[in-house]
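*Asks:* Quick one, structure for this:
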Amino acid sequence: MEPKPLVSQIVHSDGRVELGDVTSVEGSRFFNPELAPVPVGKRTWSTYNYFALWMGMAHNIPSYALAASLIALGMNWVQALITITIGNIVVLAPMLANSHAGTKYGIPFPVFARAFYGVRGANFAALLRAFIACGWFGIQTWVGGEAVYIIVGRLTGSGWRDAAVIGGQHWTLWLSFGLFWLLQMLIIWRGMDAIRRFENWTAPLVSVGFLIMLAYVLIKAGGFGPILAEPGKLGWGPSFWKVFAPSLMAMIAFWSTLSLNMPDFTRFGGSQRKQVRGQILGLPTTMTFIAIVAILTTSGGHVLYGQDIWDPAQLADKFSSPAVVVVALIALVLATISANLAANVVSPSYDFSNAFPKKITFAVGGLITGVIGVLIQPWRLYSDPSIYIFSWLGFYGGILGAVAGVLVAGYWVIRRTKLDLQGLYTEGGTYWFKAGWNWRAVAATLIGAVLAVGGAYGGPFPAGGLIGFLKPLYDYNWVVGLVGAFVAYLALTALAPERGVSAIKEEPSERRGTSRTDPAAVDG
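*Replies:* Okay, the predicted model is just below:
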């Protein structure tokens, strides 16, 4: 089928692009208001908005547990900090690469994916990301509910803490989990603006709980000396390097989800410079801060209690001061809501909406996320640091690395950052490929994913790996997935070239600082 004629799109002087006539796609079954390109006039997020976003997303209990789990696995504080810092720097590269399209075209991740997977095929990539986000939503909701359970228990006494056990947990813990889930659903139902406002006012507060915990541990342990003197169990020999590679991949995998769907946020960016600067200031600094706090607090907990308690809620529960426990955990609950809404609800809400644009709104997509997040049984995923790092983070990191490889190769190498906005919403348009699917992108993703996680071992996987000869690659899962899919997509596209972007009408623009032009001529 030949591409349909394209309408002009407006290119602003700063490189941002918008449709000249949005009504040209409003009737498409692949369009709804939440998926529509954001008009340039409404792209107003500043550097602070992105910095606050990252502060809200990074300062949460699972981020703390991620760093603390490295101590629990036997690393000392230096080894843990090096591992986390390298991981954050590495994952920032594909994150910024994919963020560019959101700011330039005002489109969310699932619409961006249509340019490479096809208008229908994008659901393949989007739903992969969505189901993983559902798992994370469940984990964050579980740990938030656990914090609520501890807070109420400290205020009300043993009757709450020692309630009857149902399904392996006290019924009061299930109640706390349910109430925490409901509170988040109410915020989601208010839409994206409510989430942004919540992020802005909680961002400066989310560090409070962690700093209170650290201060308490430092005072009780006698300062930094005893904490920093903790030697770790691995040393710098083979034992450390055996753990280092999969741990580094887990650090990268932790934010590999956002490396795909940052366009969901950067589509509101006031400029490329603002979103890039906000993210560079936000991700490495906030994650390094929370890593240092987690490492020192967990090491201090070992000095005080003789064990590595990687869950901050469980560690706080051991503190003798009820006031410290309550204040710290209230701050951590706010932090967890902030992170969960931004990191684990926005993306799947758009992704589910992309699958059925005329039936699923952003709010309904968020509700679906919440339900699936419970069905995944997050209390099992979060039960052990080895499962948390090597099975959960490692496995999905390899799969999402493959999706990232396709997006980076397609946008930066093949399309050279030039997209046709109308074609992203149009049946039979530029990105329709074969019945709405681009087999090259799907095949490349599968190739990258199999190379990355085909050798999965440990936890629920066989000791010899799912596919024995691929086992050595599993320790490098995210990198293998990204590079494998990147190379495969370029090779398949070279062997069977994709249809190019067709020309559109050029019309004079009456808008100051803009021009109407062929998207094939648009430079990023």
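
*Asks:* hey, where'd the strands end up in this structure?
*Replies:* Assigned by DSSP state E, the strands in the chain fall at 9-12, 17-19, 165-166, 169-170, 514-517.

*Asks:* closest one to residue 122 among those strands?
*Replies:* strand 17-19 (18.4 Å; C-beta to C-beta). For the C-beta atoms, the positions are set from N, CA and C on the backbone; glycine is no exception.

*Asks:* what packs against that closest one?
*Replies:* Where contact means 3 or more C-beta pairs under 8 Å, 6 or more residues apart in numbering; DSSP states H and E, strand 17-19 is packed against strand 9-12, helix 77-105.

*Asks:* where are the low-confidence patches of the stretch 351-500 of the chain?
*Replies:* Across the stretch 351-500 of the chain, residues meeting the criterion (pLDDT under 70) sit at 383-391, 499-500.

*Asks:* can you list the helices and strands packed on strand 17-19 in JSON lines and add mean pLDDT?
*Replies:* Formatted as JSON lines, these follow (pLDDT from 0 to 100):
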{"stretch": "strand 9-12", "mean pLDDT": "88"}
{"stretch": "helix 77-105", "mean pLDDT": "89"}
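
*Asks:* Of all the ones you listed, which one is nearest residue 180?
*Replies:* helix 77-105 (26.8 Å).

*Asks:* ok, and for that closest one, which residues are buried?
*Replies:* In terms of neighbour count (16 or more other C-beta atoms under 10 Å), helix 77-105 has its buried residues at 77, 79-81, 83-85, 87-88, 90-92, 94-105.

*Asks:* What of stretch 311-322?
*Replies:* 311-313, 315-317, 319.

*Asks:* coming back round to it: export the helices and strands packed on strand 17-19 to a markdown table and tack on distance to residue 432?
*Replies:* Shown next, in a markdown table, are the helices and strands packed on strand 17-19 (distance: least, C-beta to C-beta, whole Å):
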| stretch | distance to residue 432 |
| --- | --- |
| strand 9-12 | 18 |
| helix 77-105 | 18 |
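
*Asks:* Looking at the ones you listed, spot the one closest to residue 444.
*Replies:* Closest of those to residue 444 is helix 77-105, at 15.2 Å (criterion: C-beta to C-beta).

*Asks:* Around residue 224, how many other residues sit close by?
*Replies:* Residue 224 has 12 neighbours, counted by other C-beta atoms under 10 Å.

*Asks:* mind checking how far the nearest residue to it once chain neighbours are set aside is from residue 30?
*Replies:* In this structure, residue 224 finds its nearest non-sequential neighbour in residue 218, 6.8 Å apart by C-beta to C-beta, 6 or more residues apart in numbering. Distance of residue 218 to residue 30, given as C-beta to C-beta, to the nearest Å: 55 Å.

*Asks:* what's the burial count for residue 162?
*Replies:* For residue 162, using other C-beta under 10 Å, the count is 11.

*Asks:* Now stretch 401-419: buried residues?
*Replies:* 401-412, 414-415, 418-419.

*Asks:* Quick check: of these, which lies closest to residue 467?
*Replies:* Nearest to residue 467 among the buried residues of stretch 401-419: residue 402, at 15.5 Å, using C-beta to C-beta.

*Asks:* Residue 218 and residue 30 - which one has more neighbours?
*Replies:* Counted by other C-beta under 10 Å, residue 218 and residue 30 do not tie: residue 30 has more neighbours, with 20 against 16.

*Asks:* ok, the more buried one to residue 352 distance?
*Replies:* 14 Å.

*Asks:* now do residue 454
*Replies:* 28 Å.

*Asks:* now do residue 36
*Replies:* Residue 36 sits 16 Å away from residue 352, going by C-beta to C-beta.

*Asks:* so where do the helices sit in the stretch 151-300 of the chain?
*Replies:* 158-161, 171-189, 192-202, 207-221, 224-228, 238-261, 263-266, 272-305 (DSSP state H, counting those that start in this stretch).

*Asks:* out of those helices, nearest to residue 126?
*Replies:* Of all these, helix 238-261 comes closest under C-beta to C-beta, at 8.6 Å.

*Asks:* Send me the closest one as PDB with only the CA atoms.
*Replies:* Listed next in PDB are the C-alpha coordinates belonging to helix 238-261 (Å, rounded to 0.1, in the frame of the first residue of the first chain):
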ATOM      1  CA  PRO A 238      37.600 -13.200  41.700                       C
ATOM      2  CA  SER A 239      34.800 -13.300  44.200                       C
ATOM      3  CA  PHE A 240      34.100  -9.600  43.700                       C
ATOM      4  CA  TRP A 241      34.400  -9.600  39.900                       C
ATOM      5  CA  LYS A 242      32.000 -12.600  39.700                       C
ATOM      6  CA  VAL A 243      29.400 -10.500  41.500                       C
ATOM      7  CA  PHE A 244      30.300  -7.100  39.900                       C
ATOM      8  CA  ALA A 245      29.200  -7.700  36.300                       C
ATOM      9  CA  PRO A 246      25.600  -9.000  37.100                       C
ATOM     10  CA  SER A 247      25.300  -6.300  39.800                       C
ATOM     11  CA  LEU A 248      26.300  -3.600  37.300                       C
ATOM     12  CA  MET A 249      23.700  -4.900  34.900                       C
ATOM     13  CA  ALA A 250      21.100  -4.800  37.600                       C
ATOM     14  CA  MET A 251      22.000  -1.100  38.400                       C
ATOM     15  CA  ILE A 252      21.600  -0.300  34.700                       C
ATOM     16  CA  ALA A 253      18.400  -2.400  34.500                       C
ATOM     17  CA  PHE A 254      16.900  -0.500  37.400                       C
ATOM     18  CA  TRP A 255      16.500   2.600  35.200                       C
ATOM     19  CA  SER A 256      16.500   0.800  31.800                       C
ATOM     20  CA  THR A 257      12.700   1.100  31.900                       C
ATOM     21  CA  LEU A 258      12.900   4.900  32.000                       C
ATOM     22  CA  SER A 259      15.600   4.800  29.200                       C
ATOM     23  CA  LEU A 260      12.800   3.700  26.900                       C
ATOM     24  CA  ASN A 261       9.800   5.800  28.100                       C
END
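
*Asks:* Might you calculate how far that helix sits from the centre of the chain?
*Replies:* From the chain centre to the centre of helix 238-261 is a distance of 14 Å (C-alpha atoms, centre = their mean, to the nearest Å).

*Asks:* name the helices or strands packed onto it?
*Replies:* Against helix 238-261 (3+ C-beta pairs under 8 Å, 6+ apart) you get helix 61-72, helix 77-105, helix 122-156, helix 322-344, helix 346-355, helix 394-408, helix 477-495.

*Asks:* Arrange these in TSV, one row each, with distance to residue 208 as further columns.
*Replies:* Listed next are the helices and strands packed on helix 238-261 as TSV, based on distance: least, C-beta to C-beta, whole Å:
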stretch	distance to residue 208
helix 61-72	13
helix 77-105	21
helix 122-156	14
helix 322-344	4
helix 346-355	24
helix 394-408	30
helix 477-495	32
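
*Asks:* so who does residue 177 touch?
*Replies:* 141-142, 145-146, 149 (C-beta atoms under 8 Å, 6 or more residues apart in numbering).
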